[in-house]
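Peer 1: A predicted structure for the sequence below; I have some questions about it.
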Amino acid sequence: GQQLNQSPQSMFIQEGEDVSMNCTSSSIFNTWLWYKQDPGEGPVLLIALYKAGELTSNGRLTAQFGITRKDSFLNISASIPSDVGIYFCAGQLQGGNDMRFGAGTRLTVKP
Amino acid sequence: GAGVSQSPRYKVAKRGQDVALRCDPISGHVSLFWYQQALGQGPEFLTYFQNEAQLDKSGLPSDRFFAERPEGSVSTLKIQRTQQEDSAVYLCASRAAGTYEQYFGPGTRLTVT
């Protein structure tokens, strides 16, 4: 089963608002990645984080790798309708081959 | 450049039938992963290849699931004697050497009736 707790499960916001979502775990990860998945498509990589405390931006998206290496957050600023979708956090365990995914945050943006 | 491709995109199988799902990774990517995604959930790891070697198959749910990558490029996930609980989206991802960033294909939606 999944080891990452992702919250919130869903969000309904107005266009232009900022959004924040996060993932926590009891395990230590050496990499955090954030993906966005549209209906009928595979996840698309948004941001990759490699160091504890790292803060990385990609346009209106900002993500941070938690100091404890057990959590990460993703912020989206000034949301637009095309931000609609499901956002997944994914972590690579130390010494592991696979990524563990959260259950996703479903984002709805009202124009 | 071309991304990860998967075929078929949709597959309907009757319970008990065998199915084969194909993945074409990004050219030059040495690592290939298969994931299973149930409705409303995140992807769950099935198996991992480095070139043609299957280094981890700990996520395969039963011995009815089998994956291969004989020439270190295209991979096939085979499910024998399909059951209703096998209904899911099967995602393939590939990764370049020396990185952790996995790039996903569009998935194959398998429905077992």
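Peer 2: Perfect, thanks for sending it.
Peer 1: residues in contact with the nearest residue to B:Ser31 once chain neighbours are set aside?
Peer 2: Spatial nearest neighbour of B:Ser31, chain neighbours left out: B:Arg95 (4.1 Å); criterion: CB to CB, 6 or more residues apart in numbering or on different chains. (C-beta placed from N, C-alpha, C; glycine too.) With contact taken as CB atoms under 8 Å, 6 or more residues apart in numbering or on different chains, B:Arg95 is in contact with B:His29, B:Val30, B:Ser31, B:Leu32, B:Phe33, B:Glu101, B:Gln102, B:Tyr103.
Peer 1: The nearest residue to B:Phe66 once chain neighbours are set aside: helix or strand, and which one exactly?
Peer 2: Spatial nearest neighbour of B:Phe66, chain neighbours left out: B:Lys78 (4.7 Å); criterion: CB to CB, 6+ apart. In this assignment (DSSP states H and E), B:Lys78 forms part of strand B:75-79.
Peer 1: partners of that strand, with directions?
Peer 2: Applying DSSP bridges, strand B:75-79 is found paired with strand B:19-24 (antiparallel), strand B:65-68 (antiparallel).
Peer 1: what's in contact with that strand?
Peer 2: Outside strand B:75-79, the residues touching it (CB under 8 Å, 6+ apart) are B:18-23, B:25, B:32, B:34, B:46-47, B:49, B:64-69, B:86, B:90, B:92, B:110.
Peer 1: Which parts of the chain are strands?
Peer 2: Assuming you mean chain A. A:4-7, A:10-14, A:19-25, A:29-37, A:44-49, A:55-58, A:61-65, A:71-76, A:85-93, A:99-101, A:105-110 (DSSP state E).
Peer 1: um, chain B though
Peer 2: All strands of chain B, identified by DSSP E, fall at B:5-7, B:10-13, B:19-24, B:31-37, B:44-50, B:53-56, B:65-68, B:75-79, B:88-95, B:103-104, B:108-112.
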